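Colleague: show me how the following folds:
(4 chains)
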There are 2 protein chains.
Amino acid sequence: MTIGQLSELTGVNIETIRYYEKIKLLPLPSRAANGRRVYGPSEGRVLAFVRRSRELGFSLDEIRALLRLSGPEKASCREVREIAAHHPDDIRAKIGDLCKLERLLSATVARCSGTTTAPECPVLDILDVQRAK
Amino acid sequence: MTIGQLSELTGVNIETIRYYEKIKLLPLPSRAANGRRVYGPSEGRVLAFVRRSRELGFSLDEIRALLRLSGPEKASCREVREIAAHHPDDIRAKIGDLCKLERLLSATVARCSGTTTAPECPVLDILDVQRAK
DNA sequence: CCTAGATCCTGTAGCGACTGCAGGATCAAG
DNA sequence: CTTGATCCTGCAGTCGCTACAGGATCTAGG
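Modeller: Coordinates of the predicted model:
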């Protein structure tokens, strides 16, 4: 598989694949005689794992740790749990923040007629004056 | 007011204030004889505006635009509305993503006993195999 | 066989929004 | 007069990419 095909298959940008290689998230792939990278199906699976983990909000460092744990068979589920466990809390907190924010912003934009001049604009008011959470 | 007091007052890091100045988000402050930055209450208000806008998810470029609109009295509310209006949608989309993610992750972590070895760990499974949204 | 365009290579610089540090100057309190 | 806090400038680093520049090589069509 060429890097382009791997990119196609996993939905990960070519540049990003090379970047992952550079920061040693992915192992150095073998090379064809012409110097081009050659990938097999196992590399595809690893990269898909990385992509999926990114989508779930894990950092590249955490993914590195997860890959280490999923590789050699000796790893314990508990360690995986430790990495994964704090995420739902973070996420819930973020959701809460965003919900408050969404209510405030859309209510404010709704009150904004679009006709008055800036000094009376509710959107500017809310940024300027209002301190309510 | 010194930069430290301004930082205290607004909750914006000193380094960040200087950064905002460098990228011309904030105007150059006047200086005391010893070369130190001196701020008045109006600078405090502007910086608080910036902070609040950041909390609401506006980019520094958008904030620059909002400041321009809120400054000279001629600005129209409609332009403000244009900048603000697309945010609630973005935010709602983000909330939706995060909710799905939170459900998936916490259900998975719950299923993870912490006792099995890595190959059977549900957390690793979900990253590795499962493709469901 | 030749050419055009696609794909690949390395290496480096840029993004946003900061954060941190080096190395020095100056201030305020005891 | 000394100590420690605060300030100054300027630059490098963070994260997770993305976008070049400038070249080499592959593949398909004529």
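
Colleague: can you list the buried residues in stretch A:20-29?
Modeller: A:Y20, A:L25, A:L26, A:P29 (16 or more other CB atoms under 10 Å in any protein chain shown). Glycine gets a C-beta too; all of them are placed from N, C-alpha and C.

Colleague: max pairwise distance over these: which two?
Modeller: By the measure CB to CB, A:L25 and A:P29 form the most distant pair in the buried residues of stretch A:20-29, at 12.6 Å.

Colleague: show me what the helix of greatest length in chain A is packed up against.
Modeller: Ranked by residue count under DSSP state H, the longest helix found in chain A is helix A:77-111. Applying 3 or more CB pairs under 8 Å, 6 or more residues apart in numbering or on different chains; DSSP states H and E, one finds that helix A:77-111 contacts helix A:60-70, helix A:122-128, helix B:77-111, helix B:122-128.

Colleague: now mean neighbour count, mean pLDDT and distance to A:G11 too, for those, in JSON lines please.
Modeller: Shown next, in JSON lines, are those (neighbours: other CB atoms under 10 Å in any protein chain shown; pLDDT from 0 to 100; distance: least, CB to CB, whole Å):
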{"stretch": "helix A:60-70", "mean neighbour count": "17", "mean pLDDT": "85", "distance to A:G11": "16"}
{"stretch": "helix A:122-128", "mean neighbour count": "21", "mean pLDDT": "64", "distance to A:G11": "37"}
{"stretch": "helix B:77-111", "mean neighbour count": "16", "mean pLDDT": "76", "distance to A:G11": "16"}
{"stretch": "helix B:122-128", "mean neighbour count": "21", "mean pLDDT": "64", "distance to A:G11": "15"}
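
Colleague: now render those as JSON lines, adding distance to A:R37.
Modeller: Output for these, formatted as JSON lines (distance: least, CB to CB, whole Å):
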{"stretch": "helix A:60-70", "distance to A:R37": "19"}
{"stretch": "helix A:122-128", "distance to A:R37": "49"}
{"stretch": "helix B:77-111", "distance to A:R37": "32"}
{"stretch": "helix B:122-128", "distance to A:R37": "23"}
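
Colleague: is DNA strand C contacted by stretch A:2-11?
Modeller: Yes. Using CB under 7 Å from any atom of the strand, stretch A:2-11 comes into contact with DNA strand C via A:T2, A:I3, A:G4, A:Q5, A:S7.

Colleague: quick one: which helix or strand includes the residue nearest to A:T10 when sequence neighbours are not counted?
Modeller: The shortest distance from A:T10 to any non-neighbouring residue, by CB to CB, 6 or more residues apart in numbering or on different chains, is to A:L47 (4.7 Å). Here A:L47 sits within helix A:41-55, counting by DSSP states H and E.

Colleague: starting at the chain centroid, how far to that helix?
Modeller: Mean C-alpha position of helix A:41-55 versus that of the full chain (CA atoms, centre = their mean, to the nearest Å) differs by 13 Å.

Colleague: and stretch A:55-63, by the same measure?
Modeller: Distance, stretch centre to chain centre, for stretch A:55-63: 7 Å (CA atoms, centre = their mean).

Colleague: so what touches that stretch?
Modeller: With contacts defined as CB atoms under 8 Å, 6 or more residues apart in numbering or on different chains, stretch A:55-63 is touched by A:20, A:23, A:25, A:49-50, A:53-54, A:66, A:83, A:87, A:90-91, B:101, B:104-105, B:127.

Colleague: widest-spaced pair of those residues?
Modeller: Greatest spatial distance in these: A:I23 and B:L104, 26.6 Å, computed using CB to CB.
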